[in-house]
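**Q** Sequence first, predicted model second:
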Amino acid sequence: MENVVLIIHLLLALGLIAVVLLQRSEGGGLGMGGGGGGGAVSGRSAATALTRLTWMLAGAFILTSITLTVLAAQKSAGSSVADRIELAPASNDPVLPTAPVGSDLLPPAEGDNAPLVPSAD
């Protein structure tokens, strides 16, 4: 169900983009002028049809958006991200090895005969 609504939603989005791009600019947007004069003489029937189609597609787009939101809310109802965290069992073993106090963590430089703990000379 969710996939079907999502596909319809995407088709509506593409259709809405196409219809908006087909409309003639009436000017005034960002200071750019559309065609000068003749605003009352232009054919308003085509613009009215595209405007109605735009409103219908926008309404359907909003309805599918709300539907997808409701479906997602029902799908995750009663669960939380914190519920999905699995706690590791506690153990007495340390995670990181501990080194004796005063020991050097670097390997000996003089071969195998060098002491692991530096002398206090």
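**A** Looks like it came in fine.
**Q** Is it correct that Thr64 is in contact with Leu12?
**A** Yes. Taking contacts as Cβ atoms under 8 Å, Thr64 lies within contact range of Leu12: 6.1 Å. In this view, the C-beta of every residue, glycine as well, is placed from N, C-alpha and C.
**Q** contacting residues for the closest residue to Ala13 other than its chain neighbours?
**A** Excluding its sequence neighbours, the residue lying closest to Ala13 (Cβ to Cβ, 6 or more residues apart in numbering) is Phe61, at 6.4 Å. With contact set as Cβ atoms under 8 Å, 6 or more residues apart in numbering, Phe61 has these partners: 9, 12-13, 16.
**Q** Could I have the PyMOL command that selects the buried members from those?
**A** Selection of buried members from these for PyMOL, criterion 16 or more other Cβ atoms under 10 Å:
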select buried, resi 9+12+16
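**Q** what's around Val81, how many residues?
**A** Val81 sits with 7 neighbouring residues when counted by other Cβ atoms under 10 Å.
**Q** and it, what is it in contact with?
**A** Applying Cβ under 8 Å, 6+ apart, no residues qualify as near Val81.
**Q** any idea how far it is from Met1?
**A** 24 Å (Cβ to Cβ, to the nearest Å).
**Q** Ok, Thr51 next?
**A** On the measure of Cβ to Cβ, Thr51 and Met1 end up 32 Å apart.
**Q** Ok, Leu10 next?
**A** Per Cβ to Cβ, Leu10 is found 15 Å from Met1.
**Q** for Gly59, same thing?
**A** 21 Å.
**Q** Check which residues of the helix or strand hosting the residue nearest to Ala13 are buried.
**A** Counting by DSSP states H and E, the element that carries Phe61 is helix 44-75. Neighbour counts over helix 44-75 (16+ other Cβ under 10 Å) mark 53-54, 57, 60-61, 64, 67 as buried.
**Q** again, but for stretch 73-88
**A** Under 16+ other Cβ under 10 Å, stretch 73-88 has no buried positions.
**Q** ok, residues contacting whichever strand or helix holds Leu6?
**A** Using DSSP H and E, Leu6 maps to helix 2-22. Residues outside helix 2-22 that contact it (Cβ under 8 Å, 6+ apart): 50, 53-54, 57-58, 60-61, 64-65, 67-68, 71-72, 75.
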